[in-house]
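Novice: no letters, just coordinates:
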């Protein structure tokens, strides 16, 4: 029964997880609040906080899993994509840990790991399936043929969906991270109160820059007429912009299902925690007879459980890397 230690440090969450024979026994996530004052992630600060958090996170993950360091058969770590300084902390720790125990190293693609989080719990999708990966840095439609055989068939040409949520929140004066706050207000509002344009991008690619600009002008013009507009209509505005972002995503997935003939659809990444997107996908399942897979909330945002499960499947294949490995800021799925 292979015991895999997973380490995640690609952005602003330091996480460690222990996977035993494909079962996640612990998943420790240390969040960083230092970025809230700046309205976004500051890479240098993220790296420093990772250095503070990584040893306590790994220690707690091992204790929670009720294993010892000597039981660990391999260390899986996020090699990329992500912030280079943050990745360097996780990579360096993983290399040192593996060297000290004389065990193999497994490099994991962060975006592949988000998709493979669906293999932590039942029900698990069957190959092939489509996965919409949506986060602050990525918006992709991926055709998943096997655990590590993935084909990118659609992606954003500019902003990611999570970025669109956060920037819209900033325009509304909401604190960082604003995406979850838009979701919170949206539950109280009318999603059809205000109409925003749907980007007309050919194929399966996305674009959110035009929508972001339209929203900026909408807020500006409304506040000119009524300075208290946002205070009075915050719920309806949040519901309307969320509805448009979600419909953009769902419409592209619908097109991908039609083009590929694959009706198994999964979502992954931080934005997959958005209640509007989750509800829309469940509605699509009923309407179009898709088979939908939605991850638990704890596996939506960056976490080491997904790194550990990806590492477990690489371990079974005997895919290891040497001590010369270095992190990659960019790494295609």
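Specialist: Cool, the structure landed. As the structure is a computational prediction, the values presented were derived from the model and not from experiment.
Novice: select the longest helix from this structure.
Specialist: helix 229-260 (DSSP state H).
Novice: could you list the paired strands of the following helix or strand past that helix along with their orientation?
Specialist: Downstream of helix 229-260, the first helix or strand assigned by DSSP states H and E is strand 264-268. Take DSSP bridges as the rule and strand 264-268 pairs in its sheet with strand 129-134 (parallel), strand 291-293 (parallel).
Novice: now do the first one against helix 229-260, angle only.
Specialist: Our comparison of strand 129-134 with helix 229-260, counting by axes from the mean of the first three to the mean of the last three C-alpha atoms, to 10 degrees, yields an angle of 160 degrees.
Novice: contacts for whichever helix or strand comes after strand 129-134 next, please.
Specialist: Moving toward the C-terminus from strand 129-134, the next helix or strand (DSSP H and E) is strand 139-146. Taking contacts as C-beta atoms under 8 Å, 6 or more residues apart in numbering, the residues outside strand 139-146 that touch it are 111, 115, 125, 127-134, 150-156, 160-162, 204, 206, 208, 249, 252-253, 256, 260, 262, 266, 333. For every residue, glycine as well, the C-beta is placed using N, CA and C.
Novice: run a quick check on residue 241 versus residue 195, I expect a contact.
Specialist: No - between residue 241 and residue 195 there is no contact under C-beta atoms under 8 Å: 10.6 Å.
Novice: settle it for me: which of these two has more neighbours?
Specialist: In terms of neighbours (other C-beta atoms under 10 Å), residue 241 is the more surrounded of residue 241 and residue 195; the figures are 29 against 11.
Novice: for the more buried one, which non-adjacent residue is closest in space?
Specialist: The spatial neighbour of residue 241 that comes closest, neighbours along the chain excluded (C-beta to C-beta, 6 or more residues apart in numbering), is residue 168 at 5.1 Å.
Novice: pLDDT of the helix or strand where the one you found lies, averaged?
Specialist: Element membership for residue 168, per DSSP H and E: helix 161-171. When pLDDT is averaged along helix 161-171, the result is 94.
Novice: which parts of it are buried?
Specialist: Across helix 161-171, burial judged by 16 or more other C-beta atoms under 10 Å covers 161, 162, 163, 164, 165, 166, 167, 168, 169, 171.
Novice: run through who's touching it.
Specialist: 39-40, 134-137, 139, 159, 176-179, 181-182, 206, 208, 211-212, 215-216, 219, 241-242, 245, 248-249, 269-271, 274.
Novice: contacting residues around residue 80?
Specialist: 10, 87, 109, 110, 327, 328, 329, 330, 331.
Novice: in CSV, list these along with secondary structure.
Specialist: Compiled in CSV, the contacts of residue 80 are given as follows (DSSP: H, G, I helix; E, B strand; the rest coil):
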residue, secondary structure
10, coil
87, helix
109, strand
110, helix
327, coil
328, coil
329, coil
330, coil
331, coil
